[in-house]
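Trainee: What would the 3D arrangement of this be:
(one chain, ligands or ions: 2)
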Amino acid sequence: MKKRWWKECVVYQIYPRSFCDSNGDGIGDIRGITSKLDYLKELGIDVIWLSPVYQSPNDDNGYDISDYQAIMDEFGTMEDFDEMLSAAHERGIRIVMDLVVNHTSDEHAWFVESRKSLDNPYRDYYIWRSGKEGKEPNNWGSCFSGSAWEYDAATEMYYLHLFSRKQPDLNWDNPVVREEVFRMMNWWIDKGVDGFRMDVISLISKPAEFADGVPGVNGYSGFDEAANGPHVHEYLQEMRAKVLNRADTITVGECSGVTIEEAKKYARSDEKELNMVFQFEHMDVDAGEKGKWSDRKADLRDLKEVMTRWQKGLEDVAWNSLFWENHDQPRSVSRFGDDGAYRETSAKMLATCLYMMQGTPYIYQGQELGMTNVPFVRIEDFRDIESINAYRELTESGVFSEEEMMRYLRYKSRDNARTPFQWSDEENAGFTTGTPWIMVNPNYREINAKEQLFREDSVFHYFRKLIRLRRENEVIVYGAYDLLLPESEELYAYTRTLGEEKLLIVCNFAGREVSLDMPEEFCDGDILIGNYADAAVKGHMTLRPYEAVVLKKI
Ligand code: GLC
Ligand code: CA
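Mentor: Ligands and ions are numbered 1, 2, ... in the order given. Presented below is the predicted three-dimensional model:
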């Protein structure tokens, strides 16, 4: 396998709105980020993925961009950005921009023009279709409820928006659109940014025919219809040649609806498209009968099956990202671990289980503290467009009762990941001196960075150790992965092998003791790391609740 720095690095995702507020307006900002770079340096990460900081009317918190070359007023100025970039570089930290080019904001100058008339020079920048018998051109649904088509009276046609109606989809089949995007990306590269995380990049090439898809619970079809379209690989190869190869960039494609076969094209080691994919199959293992909205707990065997299929499927051919969390997912300790008595232990176990695999690790802000889901009470507590729209649509149509939907939101809403970062036990978790834009999780008095930095056995220090281990042991980055005990409902056990080196990773996903017959070759192995201080390896071993150990064969 080819060695590459972006396979060896650790990425930390910042959601700027919720990270650190420097001026007391209740909204995180760029100067806030700059003030916390030393904290990130101490954690030991190499790369920051910055969720969007561009000018935006914030229909979807910055994922609806009205100017790709300006900074959102609430977040600061371009001078603040340049200062942050050089302060990060001084510390050896790279910055990856969020590239949101499947769609723009409807307030972007291109769309403002496009909707004006049929012969406007920008008309073909977006996807316009006539209605069918007075209705939408097809049954595609928006990710944020309702139809994916919006009627526009000025020209009596519909435009496509796979996300909110304020996020019209760009027409990538238009070569002028591609040139505009590539020019903009080159402008950021010339500024010195280190790469791009590409938002829903698997959706940019729409099928030639807009055929109806299979309807879901709300009567509309999902965006799988638009995933991995006919020209997506062609367009990414063009981007690679015209932009990405101009610098030593790191690129990760958010690939919704991608299969392993497709992932091998996006992130193949022949390096013609992207460095790695960021895919979601393991995030679907706890879906319910009616899709995402459910509070069903995952069956560990399903999780292992999916993770293993991707580990083996991409081995030696392509590269994956390792994540349990991001700004679109609930907190992993509440989802796959225990956010009560075993919060710290299970947060460490989950990290061990994931970050000893093959792929580039991603840490989402607060995950390194074991931050939890949030006790939201009313729909008014939420800020996320997906959650608010889904609540309205699915309760009004009677798919779920209000109590049910509230329970599902409390479990799965994206806002669980978006409450302010918990810096300290001071007012508002030390995030702001003003009124935060979204509630602070009331558990900040116990769970906060200040307390954890101070305490050697905290989740924070455990993450530091895991990061250090990846640096010191090539086998963790490049070794082959093999699953053990596929049928166990409690234990996730696997090995990593590189030449003579071999590691065994055992994680107990249950809140009770589980016994294990240690494979002989590890019986007198070295313990590299574990989440109980007094772990001891024996032939017949009992793992305590949420215990994790990593052993090295000697
Ligand atoms: C991606 C982003 C998500 C956003 C959507 C539309 O999935 O991660 O936050 O809402 O794309 O841009
Ligand atoms: Ca602010």
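Trainee: Which single residue of the stretch 51-200 of the chain approaches ligand 2 most closely?
Mentor: Distances between the stretch 51-200 of the chain and ligand 2 by Cβ to the ion are smallest at residue 74, namely 6.5 Å. No exception for glycine: its C-beta is placed from N, CA and C like everyone else's.
Trainee: For the single nearest residue of the stretch 301-450 of the chain relative to ligand 1, which non-adjacent residue is spatially closest?
Mentor: Nearest residue of the stretch 301-450 of the chain to ligand 1 (Cβ to the nearest ligand atom) works out as residue 328 at 4.8 Å. Sequence neighbours aside, residue 414 is the residue nearest to residue 328 in space, at 5.1 Å (criterion: Cβ to Cβ, 6 or more residues apart in numbering).
Trainee: CA atoms only: put the longest helix seen in the chain into PDB for me.
Mentor: When the chain is parsed with DSSP state H, its longest helix is helix 175-191. Written as PDB, here are the backbone C-alpha positions of helix 175-191 (Å, rounded to 0.1, in the frame of the first residue of the first chain):
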ATOM      1  CA  PRO A 175     -19.200  23.500 -18.500                       C
ATOM      2  CA  VAL A 176     -19.300  27.200 -17.400                       C
ATOM      3  CA  VAL A 177     -20.500  26.200 -14.000                       C
ATOM      4  CA  ARG A 178     -17.600  23.800 -13.600                       C
ATOM      5  CA  GLU A 179     -15.200  26.500 -14.700                       C
ATOM      6  CA  GLU A 180     -16.700  28.900 -12.100                       C
ATOM      7  CA  VAL A 181     -16.400  26.300  -9.300                       C
ATOM      8  CA  PHE A 182     -12.800  25.400 -10.300                       C
ATOM      9  CA  ARG A 183     -11.800  29.100 -10.500                       C
ATOM     10  CA  MET A 184     -13.200  29.600  -7.000                       C
ATOM     11  CA  MET A 185     -11.400  26.600  -5.600                       C
ATOM     12  CA  ASN A 186      -8.100  27.700  -7.100                       C
ATOM     13  CA  TRP A 187      -8.600  31.100  -5.400                       C
ATOM     14  CA  TRP A 188      -8.700  29.300  -2.000                       C
ATOM     15  CA  ILE A 189      -5.800  27.100  -2.900                       C
ATOM     16  CA  ASP A 190      -3.800  30.200  -3.800                       C
ATOM     17  CA  LYS A 191      -4.700  31.600  -0.400                       C
END
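Trainee: and that helix, what does it pack onto?
Mentor: Contacts defined by 3 or more Cβ pairs under 8 Å, 6 or more residues apart in numbering; DSSP states H and E place helix 175-191 against strand 67-71, helix 232-242.
Trainee: and the nearest residue to the residue of the stretch 51-200 of the chain closest to ligand 2 once chain neighbours are set aside, how many neighbours?
Mentor: Excluding the flanking residues, the one nearest residue 74 by Cβ to Cβ, 6+ apart is residue 27, at 4.9 Å. Using other Cβ atoms under 10 Å, residue 27 has 24 neighbouring residues.
Trainee: Residue 27 contacts residue 76, doesn't it?
Mentor: No - taking Cβ atoms under 8 Å as the definition, residue 27 is not a contact partner of residue 76, at 10.2 Å.
Trainee: got the residues of the stretch 251-400 of the chain near ligand 1?
Mentor: With Cβ under 6 Å from any ligand atom as the criterion, the stretch 251-400 of the chain meets ligand 1 at residues 254, 327, 328.
Trainee: how about 8 Å then?
Mentor: Residues of the stretch 251-400 of the chain lying close to ligand 1 by Cβ under 8 Å from any ligand atom are 254, 256, 326, 327, 328, 385, 386.
Trainee: and if you look at the chain?
Mentor: Near ligand 1, when you scan the chain using Cβ under 8 Å from any ligand atom, you find 51, 60-61, 63-64, 100, 102-103, 143-144, 162-163, 167, 199-200, 254, 256, 326-328, 385-386, 414.
Trainee: helix/strand/coil for the closest residue to ligand 1 within the chain?
Mentor: Ligand 1 sits closest to residue 63 of the chain, with a gap of 3.4 Å, by Cβ to the nearest ligand atom. In three-state terms, and counting by DSSP: H, G, I helix; E, B strand; the rest coil, residue 63 is coil.
Trainee: Skipping its backbone neighbours, what lies nearest it in space?
Mentor: Leaving out its chain neighbours, the residue that sits closest to residue 63 by Cβ to Cβ, 6+ apart is residue 100, at 5.4 Å.
Trainee: Phi first, then psi, for that neighbour.
Mentor: Main-chain torsions, residue 100, degrees, to the nearest 10: phi -110, psi 90.
Trainee: Which secondary structure state is assigned to residue 362?
Mentor: Under three-state DSSP, the three-state class of residue 362 is strand.
Trainee: Can you check the pLDDT for it?
Mentor: Confidence at residue 362, expressed as pLDDT, is 98.
Trainee: circling back: now pLDDT and distance to residue 305 too, for the residues of the stretch 251-400 of the chain next to ligand 1, in TSV please.
Mentor: Formatted as TSV, those follow (pLDDT from 0 to 100; distance: Cβ to Cβ, whole Å):
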residue	pLDDT	distance to residue 305
254	98	23
256	89	20
326	98	22
327	98	26
328	98	23
385	98	33
386	98	27
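Trainee: In strands, which of those appear?
Mentor: Taking DSSP state E as the definition of strands, these contribute residue 254.
Trainee: Dump the residues of the stretch 251-400 of the chain next to ligand 1 into TSV; add neighbour count as well.
Mentor: Converted to TSV, those look like this (neighbours: other Cβ atoms under 10 Å):
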residue	neighbour count
254	23
256	22
326	23
327	21
328	16
385	22
386	22
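Trainee: Distance check, residue 30 against residue 52.
Mentor: 12 Å (Cβ to Cβ, to the nearest Å).
Trainee: More neighbours: these two, which one.
Mentor: Neighbour count, other Cβ under 10 Å: between residue 30 and residue 52, residue 30 has more, with 28 against 25.
Trainee: How about the contacts made by that one?
Mentor: 16, 53, 71, 75, 76, 80, 81, 84 (Cβ atoms under 8 Å, 6 or more residues apart in numbering).
Trainee: in the stretch 51-200 of the chain, which spans are helices?
Mentor: 78-90, 109-114, 175-191 (DSSP state H, counting those that start in this stretch).
Trainee: Out of those, indicate the one that is most buried.
Mentor: Ranked by mean neighbour count, the helices of the stretch 51-200 of the chain are led by helix 109-114 with a mean of 18 (mean count of other Cβ atoms under 10 Å).
Trainee: Can you name the residues in contact with that one?
Mentor: 66-67, 104-106, 120-126, 128, 159, 168, 180.
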